[in-house]
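Engineer: Sequence first, then the predicted structure:
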Amino acid sequence: MKRRVELFLIILLPILGLLLLGGKIMNLNKRPDQKVTSSSSKKVVQKSKEEIKKEQIAFLKEHEREIVDYVKAQSPKVESVQIDWDETQMSDGGLTTPEYYMNVFGRINHIENSGWGVDIPMNENGTVNLKNMTMGDFISIDGVPIP
């Protein structure tokens, strides 16, 4: 009987240890907004996606003229460009293009039912690459593309 108890404890203790360790690891992973990485004796806190997005939008607002000029260059019918900063978002290219983009949207010529979208790729270090922006949504009025 004593031998059975000893075997039971020998089997049960490692299992309990693994369960406790697994619970501790899961508890550490419940902070999606911050990632702490350590390099030597320093701890580095990486920024959350929301903080990165705010920084990128601030950068884009400083370079608004370049975005406006790019949209205007797409059609001679574009006289003015309005950017909807509230609709600006960060996205990835999906399965085929694993890059990250800032998607900027707006209207043209103060027309309520007009629209356009520009995709601006982000470099690996998180900076926006304005030189490689492309039209993600072509310029349209009432859903009809304009030449």
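Structural biologist: Yep, that arrived. Numbering: from 1, shown residues only.

Engineer: and the residue lying farthest from the centre of the chain, how far is that from residue 11?
Structural biologist: In the chain, the residue that sits farthest from the middle, by Cα atoms, centre = their mean, is residue 1; the gap is 60.8 Å. Separation of residue 1 from residue 11 (Cβ to Cβ, to the nearest Å): 16 Å. Bear in mind the C-beta positions are built from the backbone N, C-alpha and C, glycine included.

Engineer: Skip the chain neighbours and tell me the closest residue to the residue minimising distance to the centre of the chain.
Structural biologist: In the chain, the centroid-proximal residue (Cα atoms, centre = their mean) is residue 90; its distance is 4.0 Å. Leaving aside its sequence neighbours, residue 90 sits nearest to residue 53 (Cβ to Cβ, 6 or more residues apart in numbering; 4.9 Å).

Engineer: Tell me the pLDDT of that neighbour.
Structural biologist: We have a pLDDT of 81 for residue 53.

Engineer: So it, which state does it fall into?
Structural biologist: Secondary structure, DSSP: H, G, I helix; E, B strand; the rest coil: residue 53 is helix.

Engineer: That one: neighbour count?
Structural biologist: 15 (other Cβ atoms under 10 Å).

Engineer: so it touches residue 91, yeah?
Structural biologist: No: contact criterion Cβ atoms under 8 Å: residue 53 and residue 91 do not qualify, at 10.4 Å.

Engineer: Return the helix or strand in the chain with minimum mean pLDDT.
Structural biologist: Counting by mean pLDDT, DSSP states H and E, the weakest-scoring helix or strand in the chain turns out to be strand 35-39, with a mean of 47.

Engineer: Thanks again, I'm all set now.
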